Structure formats: C-alpha cells, structure tokens
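K.L.:
give me the fold of what follows.
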Amino acid sequence: AREVYRLVCDETHALVKEQYALLNEEILPLLASEGIRFLKRADWSPAQREWISAFFFREAMPVITPIGLDPSHPFPRVLNKSLNFAVELEGRDAFGRSSDAAIVQAPRVLPRVIQLPRELGDSEYCFVFLSSILHEFVHELFAGMKVLGCYQFRVTRNSNLFVDEEAVKNLRTKIQGELPQRHFGDAVRLEVANNCSEAMTEFLLGHFNLTERDLYRVAGPVNLVRLMQVPDWVMRDNLKFKPFKPGTPKALEKSGNVFEAIRGGDTLLHHPYQSFNPIIELLEQSATDPQVVAIKMTVYRTGTDSVLMQSLLRAAQNGKEVTVVVELMARFDEEANIGWATKLEEVGAHVIYGVVGYKVH
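P.N.:
The predicted structure follows:
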C-alpha cells in the first residue's frame with residue numbers, strides 16, 4: 001500500500017505542476033491578449049487600488065476573524081478544502097500580546113474572484129483574486145504588529161464516512177451522526193503558496209501530521225475550481241464553446257404524452273447526448289395519470305433541488321403507491337438523499353434504505 005501511495009503521489013505532483021504551468025504560461029497570457037486580465041498587486045493602478053481598498057474594508061474585513069496562535073488561542077479547526085492564510089508576525093498587538101503567527105480563514109461567503117468596474121481597467125475585463133486582496137491588506141487585521149509574511153494554504157481531508165452498514169441497525173441515524181464531522185477528517189494533502197517560508201511550511205506540516213510527500217507548492221490560487229464562474233461574466237461568445245443542446249428522439253417529439261410514445265415502441269435514450277426531459281415528463285405524467293397505480297425507483301444521486309423527487313412526492317400525495325430505494329452512501333450527497341427520503345416518508349411513500357449497488361442518477 002505504501003508503494004502504491006508513493007506512485008500516486010508522484011503522478012499527482014506531476015499533474016498539479018502541469019496544471020499551474022498551463023494556467024500561468026498559456027491560459028492567463030492568452031486571456032490577457034483577448035482583453036481579459038487577472039491583475040497582480042504590482043499591476044494595480046492608483047484608482048484600482050483605491051477601489052480594492054474600499055472593497056476590503058466594506059466587504060471582507062467585517063467578516064474576517066484573525067486568530068493569533070498562542071497558548072490561549074490554539075490552532076483553529078480548518079475545514080476541508082477551505083481557503084486559509086498563515087501569517088508570520090512580529091511585535092505586540094493592541095492588547096500587548098505577542099504572537100509569532102496567526103491564521104486568517106477566508107469566509108466562504110466571500111467571492112474568490114472579484115471583477116473590477118470596467119471604467120477602472122485598461123482592458124475590457126479585469127479581475128482580482130481574493131487572495132491578492134488579503135495579501136495586500138492583511139496588515140490591517142493586526143494593528144501594532146509587523147507582518148513578515150502571508151501565505152495561502154488549503155488542506156484536503158479524508159471525507160469518507162466510516163460506517164459498517166452490516167453492523168449498524170439504523171443506517172440513516174448513523175450516517176446523520178457522521179456527517180457533521182466529515183469536514184474535519186484526517187488531513188491527507190497540504191497545498192501552500194510557492195513562496196511560503198520553510199519555517200511556516202514545516203509548522204503547517206507538523207500541525208496536520210503530514211510529510212513532505214503530502215505537500216504541494218502551487219503558483220497561483222489554491223482552488224482553481226473557483227475560476228469556473230469567470231466565463232459566465234465574460235460576454236465573449238467567440239471565446240467559448242457553442243452551447244450544446246441535447247436532442248430528443250423523434251418518437252417522443254411527435255407525441256406530447258410519453259405513454260403513447262412508449263406504446264408505439266421502445267425508445268433508447270443516450271445521455272448526455274439526448275435530453276433527460278423525457279424521463280422527467282414520464283414521472284410528472286405518472287404523478288397525475290389516474291391509470292398509474294404504482295411507481296418504483298432506485299435513487300442514487302438527487303441534489304438539493306430535484307424536479308424528479310418533487311414528482312415522486314406529488315405522486316405519493318395523489319395516492320399512488322410510491323416505493324423508492326434510496327442509496328444512503330452516495331458520496332457527498334448523503335445529506336440530500338436523507339432529506340428527500342424523510343420528505344417521501346412524510347407523504348406516505350415507502351422508502352428502503354441501504355447500499356444499493358446499481359447507481360441511478
């Protein structure tokens with residue numbers, strides 16, 4: 001197992017290195033050539049700096065609580081994959097307390113990418129990372145102290161739920177009890193800014209009980225997934241893939257009633273190339289059709305906002321026999337599944353809990 005883990009780590013380090021090389025050497029320069037820039041602190045104009053400063057004091061500072069590390073203030077609990085900053089300090093704070101280090105946790109309510117007003121930029125679109133803003137103004141959080149360094153970091157934790165479904169009588173209750181602790185599992189990876197000092201890196205590795213193999217130094221934001229929202233803000237269709245519209249089989253297009261179409265012959269749907277709407281329409285029609293007496297389904301992943309589950313609720317409320325096998329161990333969707341299962345039970349549906357084996361999305 002250790003040998004396999006070593007091989008996985010080697011591969012993962014290579015992938016992460018390639019990922020940030022693509023970002024910094026290809027993607028960001030190409031975006032800049034198209035008038036879409038991500039501004040570094042050194043590139044801020046006086047007008048931009050003034051606007052960003054106002055943003056920090058208005059939006060960020062009120063929701064940030066810095067935690068100085070000393071005997072009376074231990075290292076805070078760091079959520080799985082949350083953005084945090086390790087700050088090296090010198091001197092005493094306003095209360096006369098001295099601390100060599102502090103942790104600043106970036107609240108999830110704050111956007112990780114901020115778009116500047118168009119009139120402030122020399123490009124069509126200008127963006128600033130939240131990490132750049134906090135780096136620039138972190139000294140405002142430590143009055144009377146000198147900030148020697150500020151480094152973003154992120155911890156990935158083991159988020160598996162350790163539940164033996166054969167040994168537990170009430171699987172739902174056991175999983176509900178496990179869910180609150182998911183974000184505080186054992187650390188398995190530490191990502192830090194590539195300029196993080198050796199002293200701070202060793203301190204963080206020691207605190208999370210990790211080794212050098214578990215350390216990833218990154219040249220940019222630690223969570224690149226947050227960049228996924230940027231294309232929605234940029235109105236440049238020539239830089240985007242054309243929207244894909246899944247098709248609908250002709251037999252289902254001709255008939256407004258799914259049951260009539262099925263009577264004419266079987267229809268194979270190939271997702272995601274063909275639309276999922278016929279499935280939704282089938283359930284919605286089943287919920288109100290007086291000839292439908294029973295609906296039986298296996299549900300694996302639903303999400304918190306599910307038209308499919310709403311149809312099942314409506315069917316049960318209309319007096320139909322609704323039986324649903326709910327997968328409780330659907331990774332990261334356990335809470336949503338339990339919530340829907342509870343609602344189904346409340347309207348008289350028969351819910352079977354368990355570890356299914358067939359995954360029905």
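K.L.:
strands of the stretch 101-250 of the chain, start to end?
P.N.:
Secondary structure of the stretch 101-250 of the chain (DSSP state E, counting those that start in this stretch): strands located at 101-105, 113-115, 125-129, 145-157, 187-193, 215-218.
K.L.:
list of residues touching the third one?
P.N.:
In this case it means strand 125-129. 35-39, 44, 48, 52, 112-116, 118, 120, 221, 230, 233-234 (C-beta atoms under 8 Å, 6 or more residues apart in numbering). All C-beta atoms are positioned from the backbone trio N, CA, C, and that covers glycine.
K.L.:
out of those residues, which end up buried?
P.N.:
By neighbour count, with 16 or more other C-beta atoms under 10 Å, the contacts of strand 125-129 hold 36-39, 44, 48, 52, 112-114, 116, 221, 234 as buried.
K.L.:
tell me how far V325 lies from D100.
P.N.:
According to C-beta to C-beta, to the nearest Å, V325 and D100 sit 55 Å apart.
K.L.:
more neighbours, these two?
P.N.:
V325 (18 against 15; other C-beta atoms under 10 Å).
K.L.:
touching, the more buried one and N337? I think so.
P.N.:
No: V325 is not in contact with N337 according to C-beta atoms under 8 Å; the separation is 10.9 Å.
K.L.:
any common contacting residues for those two?
P.N.:
Both V325 and N337 are contacted by V299, under the criterion C-beta under 8 Å, 6+ apart.
K.L.:
where do the helices sit along the stretch 51-200 of the chain?
P.N.:
Applying DSSP state H, counting those that start in this stretch to the stretch 51-200 of the chain gives helices spanning 130-137, 171-178, 198-207.
K.L.:
mean pLDDT lowest where, among the ones you listed?
P.N.:
When the helices of the stretch 51-200 of the chain are ranked by mean pLDDT, helix 171-178 comes last with a mean of 58.
K.L.:
was I right to think R157 contacts L190?
P.N.:
No: look at R157 against L190 with C-beta under 8 Å: they stay out of range, at 10.6 Å.
K.L.:
more neighbours: these two, which one.
P.N.:
Between R157 and L190, L190 has the larger neighbour count (other C-beta under 10 Å), namely 23 against 19.
K.L.:
surely that one and F208 touch.
P.N.:
Yes: counting by C-beta under 8 Å, L190 touches F208, with 5.9 Å between them.
K.L.:
what residues are shared contacts of these two?
P.N.:
Residues touching both L190 and F208 comprise V155, with contact defined as C-beta under 8 Å, 6+ apart.
K.L.:
low-confidence ranges in this structure?
P.N.:
Residues of the chain meeting the criterion pLDDT under 70: 71-72, 93-98, 159-184, 329-333, 354-361.
K.L.:
tell me how it divides into domains.
P.N.:
As given by the TED database, the domain ranges for the chain are 1-239, 250-353.
K.L.:
can you pull up the most central residue in the protein?
P.N.:
Nearest to the geometric centre of the chain sits V225, at 7.5 Å (C-alpha atoms, centre = their mean).
K.L.:
so how far is Q19 from it?
P.N.:
V225 sits 11 Å away from Q19, going by C-beta to C-beta.
K.L.:
how far off centre is stretch 123-133?
P.N.:
21 Å (C-alpha atoms, centre = their mean, to the nearest Å).
K.L.:
any buried residues in that stretch, and which?
P.N.:
S123, Y125, C126, F127, V128, F129, L130, S131, S132, I133.
K.L.:
tell me the residue in this protein that is farthest from the middle.
P.N.:
Here the centre of the chain is the reference, and by C-alpha atoms, centre = their mean the most remote residue is G264, at 43.8 Å.
K.L.:
report the contact partners of that residue.
P.N.:
Contacts of G264 by C-beta under 8 Å, 6+ apart are A251, S255.
K.L.:
now it. Its backbone dihedrals?
P.N.:
The phi and psi values for G264, taken as degrees, to the nearest 10, are phi -80, psi -10.
K.L.:
so I352 sits in a strand?
P.N.:
Yes: looking at I352 with DSSP: H, G, I helix; E, B strand; the rest coil, it is inside a strand.
K.L.:
count of neighbours near it?
P.N.:
12.
K.L.:
how about the closest residue to it other than its chain neighbours, secondary structure?
P.N.:
When the adjacent residues along the chain are set aside, I352 lies closest to V325, with 4.6 Å between them (C-beta to C-beta, 6 or more residues apart in numbering). Following three-state DSSP, V325 is assigned to strand.
K.L.:
state the distance from V325 to S197.
P.N.:
Remark: distance between V325 and S197 (C-beta to C-beta) = 53 Å.
K.L.:
now R49
P.N.:
R49 is 26 Å from S197, by C-beta to C-beta.
K.L.:
what do you get for H73?
P.N.:
H73 is 21 Å from S197, by C-beta to C-beta.
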